[in-house]
Each structure stands twice: as structure tokens, then as C-alpha cells.
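Participant: Kindly generate the corresponding structure for this input.
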Amino acid sequence: MDSYKQSAGMGPEVLKDLETRMSWVYRRSGSAMLLTSATTCLAFLTTLFSPIAGTRSFGVFAAFVILLDYVLVMTLFCTSVVIYHDRFETKKWCCNCSFWSKCDPTPTEKAIEDYQNGVELKTDPISRFFK
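Facilitator: Numbering: from 1, shown residues only. Modelled structure (predicted):
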């Protein structure tokens, strides 16, 4: 979600449409998630060298859970972000009775307009610190 929110301030080349925006988000965050998931998975697989059967079983199970989690994040989470983008991002209430209606204008269109008008993107304290 952080990369998605950061993409709102990346200019018209990223905000051209939702597909371009999500592509930027995946390139930015996908490699980091792959690296962390792979190292965690390998760390759990090192329990295969343990002489204790319960520890080995736990390590293999945890490694498969981490691998499955990565696959689900890279597939289903994208779908939920698109639904959030289209239906909920600009709504004021979490249970808005008009959740089936699309946001007009879409948040990507609003971000392009804000960028062209020079409106600064609200950032969290950590992003401001590393700027």
C-alpha cells in the first residue's frame, strides 16, 4: 500500500492510467517482497538439517506458508488494491452505502490534476525523513 500511495506523487508518466500506476507499484515493491520472502523461506528450510523431526516439519511448513503468502500477495492483493482504488479510496466512510459506484473522478485522475496544479502530496513522517 505504501508504494501505491507514493505513486500518486510520481508525475504524469506514472499516473497515465491505472495499469501504468500498478506496474510502477509492482516494480517498486515486488523485488523487495521477493527478496524478503526468499530469505525467510530459506531460513526456515535450514531446519531440514535439524535432527529433531518436529523442528524439521515446522520449518518445511513455515517455508511453504511464506512461499504461498508471496504468491497470494503478488496476485490477490493487486486485485484488492484495484477494487480499493475504484470504489473506496475517495469515499469518506468505510461502509458507504454506495460502494458499488465507481469514484468519479478516479484517484489516479485526481492525482494527475493535483500534480499539474502543483499540489503537494501528503507524506508520512518516515518518507519526509528520507527525502
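Participant: Low-confidence bits of this protein, can you list those?
Facilitator: By pLDDT under 70, the weakly predicted segments of the chain are 1, 89-107, 121-124, 127-128, 130-131.
Participant: Break down it into its helices, ranges please.
Facilitator: 2-6, 18-45, 53-83, 107-116, 125-130 (DSSP state H).
Participant: how far does the longest one sit from the chain's center?
Facilitator: Relative to the centre of its chain, helix 53-83 is centred 15 Å away, using CA atoms, centre = their mean, to the nearest Å.
Participant: Kindly calculate the angle that it makes with helix 18-45.
Facilitator: Interaxial angle, helix 53-83 versus helix 18-45 (axes from the mean of the first three to the mean of the last three CA atoms, to 10 degrees): 170 degrees.
Participant: Quick one: list the elements packing against helix 53-83.
Facilitator: For helix 53-83, the helices and strands in contact under the criterion 3 or more CB pairs under 8 Å, 6 or more residues apart in numbering; DSSP states H and E are helix 18-45. Every residue, glycine included, has its C-beta placed from N, CA and C.
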